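Asks: need a structure here:
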Amino acid sequence: MAEEAKWYVVHTYSGYENNVKQNIEKVVKNRRLEDLICEVKIPMELYTEEKDSKVEEKERKLFPSYVLVKMIVTNESWYIVRNTRGVTGFVGPASKPVPLTEKEVAALGIESGETKTAQSKISFAPGDRVDIVSGMFEGYSGEVTSIDEENAQVEVVVSYLGRQTPVKMPASDVKAAE
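Replies: Purely as a prediction, here's the structure:
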């Protein structure tokens with residue numbers, strides 16, 4: 001087929017993202033339609049959660065109620081995706097599928113298959129002052145002590161309960177102090 005597969009956004013019922021992904025993949029495999037529907041993804045992001053003084057790294061859906069499908073739109077592929085249990089429709093005018101632009105695909109990092117953090121380029125260095133803009137320590141400021149570029153994680157020392165406390169968090173949770 002001369003046409004190239006593109007990424008489309010499919011809206012689902014809340015909490016049905018995994019079921020939709022599995023069901024589409026199952027139908028594609030059973031009907032041997034890998035040339036029409038190439039890939040199905042649920043964009044995820046890493047975040048850190050502190051509970052009972054334990055810091056855990058977890059994943060969450062970047063866009064709840066949405067699934068990304070890389071496909072060539074034909075009547076058959078549209079029908080399969082649109083009629084999958086849990087799908088409410090394609091994102092676009094009148095449920096007409098509108099592909100993501102190359103820029104949007106690059107921003108999501110879905111082509112490379114990596115789990116995403118909201119900020120992939122880190123614009124500060126160890127020793128820099130930063131403001132924490134989300135997460136448990138939102139509103140705090142601190143100093144960057146280390147950066148893990150590969151996982152887009154930073155360690156920031158914040159003054160917490162009267163002590164200097166090192167905290168690891170996604171780079172997307174901090175911005176350079178003004």
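
Asks: Show me the domain layout of this structure.
Replies: Recorded structural domains for the chain (assignment: automatic domain parsing) are 6-108, 129-176.

Asks: what sits up against the helix or strand where Val40 lies?
Replies: Taking DSSP states H and E as the definition, one finds Val40 inside strand 37-41. Strand 37-41 has contacts (CB atoms under 8 Å, 6 or more residues apart in numbering) with 5, 20-21, 24-25, 28, 67-72, 77, 80-81, 110. Quick note: C-beta positions are derived from backbone N, CA and C, even for glycine.

Asks: Can you tell me the strand partners of it and which way each runs?
Replies: Strand pairing for strand 37-41, using DSSP bridges, gives strand 66-71 (antiparallel).

Asks: and the next element down the chain from the strand holding Val40?
Replies: From strand 37-41, the next helix or strand downstream (DSSP H and E) is strand 44-51.

Asks: for that following strand, which positions count as buried?
Replies: Neighbour counts using 16 or more other CB atoms under 10 Å place 44-48 of strand 44-51 among the buried residues.

Asks: and Ala94, helix, strand or coil?
Replies: helix (DSSP: H, G, I helix; E, B strand; the rest coil).

Asks: One more: Pro64?
Replies: Strictly by three-state DSSP, Pro64 counts as coil.

Asks: ok, it to Lys54 distance?
Replies: Separation of Pro64 from Lys54 (CB to CB, to the nearest Å): 25 Å.

Asks: average pLDDT for the longest helix seen in the chain?
Replies: Under DSSP state H, the helix in the chain containing the largest number of residues is helix 17-31. The pLDDT scores in helix 17-31 average 95.

Asks: for it, which positions count as buried?
Replies: Going by 16+ other CB under 10 Å, helix 17-31 has these buried residues: 17, 19-21, 23-24, 28.

Asks: Just put the residues you listed in TSV and tack on distance to Arg163.
Replies: Below are the buried residues of helix 17-31 laid out as TSV (distance: CB to CB, whole Å):
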residue	distance to Arg163
Glu17	40
Asn19	45
Val20	46
Lys21	44
Asn23	50
Ile24	50
Val28	54
